[in-house]
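Colleague: Let me see the structure of the following:
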Amino acid sequence: MPSSKQLKVPAVFTRTILFLLVVGPVAHGSPPEWPTTPAGFDELVAETVGRFGVAGAAVGVIDDGKVVLAKGYGMADCSAQIPVTTDTRFNIGSVSKMLAAWGVMRLVDQGIADLDAPIAESVKTWQLPSSSFDRSRVNVRRLLSHTAGLSLHGYPGFGLDEPLPTLTESLSGATNGAGAVFLISQPGTNHRYSGGGYTLLQLMCEELTGKPFAQYMRETVFGPLAMDRTGFNREEDLEEGTARPHGVVRNPIPDRAFRAEAAAAAYTTLDDALRLVFAHFDMGPEAVPGRGVMSPDAVATLGTPVPDSGGRWAHGPMVVSEVDAEGDVDGDLVFGHGGDNPGWHALFAIHPPTRDGLVVMTNGDSGPALREYLQRPWSALVGIDPLLPAFRPPAAIAVLGTLQEDGGGAAAEEYLRMQEEEPDSYNFSRGYFAWVGNGLLDSEFAEDALEFFSLGVDLFPEDPNIWVSLALAYQAVEDEDGVRSSCERALELNPRHAQAKELLATLP
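Modeller: Below you'll find the predicted structure:
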């Protein structure tokens with residue numbers, strides 16, 4: 001791909017890219033014929049990794065208690081051309097919470113912590129601020145299931161060279177812009193995802209054990225489960241073999257560090273992740289669920305949905321299966337967790353009754369599309385009820401492989417071809433289109449972004465944001481006339497568009 005001049009994209013676009021990536025629109029359509037063998041699933045993964053432009057991925061499949069696929073795809077480091085293996089370490093974002101739940105539940109199982117006692121009985125060095133809501137209703141069960149009514153959805157992290165705050169400082173708002181942890185609704189009345197709640201659980205573990213959270217988890221969870229390559233942040237003794245995060249065009253991006261280790265900072269390998277999945281399964285008298293870390297009953301509690309969550313969340317894991325309006329699962333109950341940090345995206349899915357599991361870990365920002373796409377064929381392969389309606393891949397992501405090989409113009413042509421010839425096979429939403437184009441800008445591939453957004457204003461001519469993105473691409477290639485005309489069109493569509501006005505103000 002051609003390189004471009006250095007470009008600084010406003011932070012709002014970086015945040016928008018991540019938001020669209022994680023929670024962008026999902027469309028549904030008729031699925032293709034899914035593979036019926038592990039070899040066929042392997043071929044599907046390899047083809048999809050390339051087509052979606054994912055930098056690298058590690059994928060594992062367990063069927064009836066047997067590992068039928070464990071393989072790396074693509075590159076752990078695209079610049080150095082280091083391939084992914086089953087021993088490559090990935091950050092798994094919020095899947096960290098699922099690991100942390102093992103540490104929390106172990107304390108509950110030992111009688112050191114109580115699922116339903118007020119968290120203030122276990123945490124003495126920091127307290128939730130007083131509010132109109134009853135903080136005595138905040139307990140371990142509600143923190144695990146995101147029903148404690150707390151603020152702070154997720155963490156942006158810190159640069160690897162930046163000092164990290166203490167846990168209490170983080171809870172009080174030293175979060176690099178994410179805010180503090182406080183009550184925003186009555187605990188136990190609804191589901192509000194809170195990474196901040198897991199930071200409070202992390203502090204609880206440290207106070208009850210007298211050990212740093214990472215040390216406690218290594219000694220009592222990862223060590224007994226033989227997860228010797230699993231830890232938090234980029235620990236020096238585990239650094240070898242750690243992948244590098246990449247953006248939308250397989251471009252390396254900076255990694256992040258987190259004080260909120262329980263919420264976002266775990267790194268693991270495919271081999272270790274599969275060991276964790278197996279620890280949920282009953283493999284006979286010598287290998288019961290929990291594997292000695294906790295009792296089988298405690299492991300069963302981990303995967304039991306909490307009613308206050310509408311049936312969508314268990315004690316750490318989320319319910320991956322489709323849940324109806326009444327909170328009931330129609331079919332097999334599969335639980336697990338997804339995780340997203342910049343350049344890192346993962347999914348664990350587990351069905352203990354049939355001893356089936358799926359692990360997907362990626363180090364590229366098109367990873368969420370891969371993990372969503374693979375869920376349905378995995379459930380078909382192992383013979384459990386479908387997790388989701390058929391996922392129709394975003395066309396803008398499906399052309400990333402072409403974009404990375406042949407540039408933005410070729411990707412735009414492929415997008416038009418797909419729209420004309422395969423309109424029911426892909427999701428042609430504006431959100432995903434903007435995500436890819438803005439990802440090009442954020443990655444400093446301005447010429448490709450210009451070609452992409454030139455198509456975008458033809459596809460979405462009434463969207464002022466697309467016109468502003470085109471203006472940013474013109475700005476990156478130093479075309480003042482293009483900036484002016486694009487911003488003027490954006491303001492015709494939305495006279496109050498602040499960024500269009502700001503861009504125009506930069507022109508002579």
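Colleague: correct me, but residue 91 touches residue 341?
Modeller: Yes - the criterion here is Cβ atoms under 8 Å, and residue 91 meets it with residue 341 at 5.6 Å. (Each C-beta comes from the backbone N, C-alpha and C, glycine too.)
Colleague: Touching both of the two, which residues are there?
Modeller: Residues touching both residue 91 and residue 341 (Cβ atoms under 8 Å, 6 or more residues apart in numbering): residue 245.
Colleague: Against residue 235, how distant is the residue nearest to residue 178 when sequence neighbours are not counted?
Modeller: Nearest residue to residue 178, sequence neighbours excluded (Cβ to Cβ, 6 or more residues apart in numbering): residue 155, at 5.3 Å. Residue 155 sits 18 Å away from residue 235, going by Cβ to Cβ, to the nearest Å.
Colleague: ok so, going back, model confidence for the residue nearest to residue 178, exactly?
Modeller: Residue 155 is assigned a predicted lDDT (pLDDT) of 97.
Colleague: thinking it is in contact with residue 173, fair?
Modeller: No - counting by Cβ under 8 Å, residue 155 sits too far from residue 173 to count as a contact (11.9 Å).
Colleague: Of these two, which one has the most company?
Modeller: A direct count of neighbours by other Cβ atoms under 10 Å for residue 155 and residue 173 places residue 155 higher, at 26 against 14.
Colleague: ok now do that one, which residues does it touch?
Modeller: Taking Cβ under 8 Å, 6+ apart as the contact definition, residue 155 lies against 175-176, 178, 195, 258, 260, 263-264.
Colleague: now do 6 Å
Modeller: 175, 178, 195, 258, 260, 264 (Cβ atoms under 6 Å, 6 or more residues apart in numbering).
Colleague: How about residue 168?
Modeller: Residue 168 makes contact with 125-126 under the criterion Cβ under 6 Å, 6+ apart.
Colleague: any idea which element it lies in?
Modeller: Following DSSP states H and E, the helix or strand that holds residue 168 is helix 167-171.
Colleague: what does whichever helix or strand comes after that helix contact?
Modeller: As assigned by DSSP H and E, the chain's next helix or strand after helix 167-171 is helix 195-209. Identification of contacts with helix 195-209 by Cβ under 6 Å, 6+ apart yields 97, 100, 103-104, 107, 112, 122-123, 143, 148, 150, 152, 154-155, 167, 170-171, 181, 213, 216, 260, 262-263.
Colleague: And the protein, split by domain according to the record?
Modeller: The record's domain split for the chain, according to automatic domain parsing, is 11-27+393-505, 31-389.
Colleague: So which residues of the stretch 101-250 of the chain form helices?
Modeller: For the stretch 101-250 of the chain, the helices defined by DSSP state H, counting those that start in this stretch occupy 140-144, 167-171, 195-209, 213-217.
Colleague: what would the ones you listed look like in CSV with mean pLDDT and distance to residue 40?
Modeller: Putting those into CSV (pLDDT from 0 to 100; distance: least, Cβ to Cβ, whole Å) gives the following:
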stretch, mean pLDDT, distance to residue 40
helix 140-144, 98, 37
helix 167-171, 98, 46
helix 195-209, 98, 37
helix 213-217, 98, 37
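Colleague: Show me the one of those that comes nearest residue 42.
Modeller: Within these, the stretch nearest residue 42 is helix 213-217; the backing value is 32.0 Å (Cβ to Cβ).
Colleague: buried set for that closest one?
Modeller: Residues of helix 213-217 classed as buried under the neighbour-count rule (16 or more other Cβ atoms under 10 Å) are 213-214, 216-217.
Colleague: Check stretch 167-177 too.
Modeller: Buried residues in stretch 167-177, counted by 16+ other Cβ under 10 Å: 167, 170-171, 174-176.
Colleague: just stretch 493-503 next, same as before
Modeller: By neighbour count with 16+ other Cβ under 10 Å, stretch 493-503 contains the buried residues 493, 497, 499-500, 503.
Colleague: State the helix or strand in which residue 350 lies.
Modeller: If you go by DSSP H and E, residue 350 is part of strand 344-351.
Colleague: A helix includes residue 59, no?
Modeller: No - secondary structure of residue 59 (DSSP: H, G, I helix; E, B strand; the rest coil): strand, not part of a helix.
Colleague: hang on, isn't it packed against residue 43?
Modeller: No - contact criterion Cβ atoms under 6 Å: residue 59 and residue 43 do not qualify, at 12.0 Å.
Colleague: quick one: which of these two has more around it?
Modeller: It is residue 59, of residue 59 and residue 43, that has more neighbours when counted by other Cβ under 10 Å, with 29 against 12.
Colleague: who's in contact with the more buried one?
Modeller: By Cβ under 6 Å, 6+ apart, the contact list for residue 59 reads 45, 360.
Colleague: Swap in 7 Å and give it another go.
Modeller: By Cβ atoms under 7 Å, 6 or more residues apart in numbering, the residues touching residue 59 are 45, 69, 71, 73, 359-360.
Colleague: for the stretch 1-150 of the chain, which spans come out with low pLDDT?
Modeller: Scanning the stretch 1-150 of the chain for pLDDT under 70 picks out 1-32.
Colleague: Greatest separation within the buried residues of stretch 493-503: which pair is it?
Modeller: Using Cβ to Cβ, the two most remote members of the buried residues of stretch 493-503 are 493 and 503, lying 14.5 Å apart.
Colleague: Find the centremost residue of the protein, please.
Modeller: For the chain, the residue nearest the mean C-alpha position is residue 340 (2.1 Å; Cα atoms, centre = their mean).
Colleague: quick check, that residue in a helix?
Modeller: No - assessed by three-state DSSP, residue 340 does not belong to a helix; its assignment is strand.
Colleague: mind checking the SS state of residue 53?
Modeller: Assignment for residue 53 (three-state DSSP): coil.
Colleague: Could you tell me how many residues sit around the nearest residue to it once chain neighbours are set aside?
Modeller: Nearest residue to residue 53 in three dimensions, chain neighbours excluded: residue 400, at 2.8 Å (Cβ to Cβ, 6+ apart). Residues contacting residue 400 under the criterion other Cβ under 10 Å number 25.
Colleague: hang on, residue 400 packs against residue 55?
Modeller: No - assessed by Cβ atoms under 7 Å, residue 400 is found out of contact with residue 55, at 10.4 Å.
Colleague: pretty sure residue 483 is touching residue 503, no?
Modeller: Yes - contact criterion Cβ under 7 Å: residue 483 and residue 503 qualify, at 6.0 Å.
Colleague: Overlap in contacts, these two.
Modeller: Joint contacts of residue 483 and residue 503 (Cβ under 7 Å, 6+ apart) are 471, 475.
Colleague: tell me the contacts of residue 378?
Modeller: Contacts for residue 378 (Cβ under 7 Å, 6+ apart) come out as 61, 358.
Colleague: and the gap between it and residue 55?
Modeller: Taking Cβ to Cβ as the measure, residue 378 falls 21 Å from residue 55.
Colleague: now residue 457
Modeller: Residue 457 is 29 Å from residue 55, by Cβ to Cβ.
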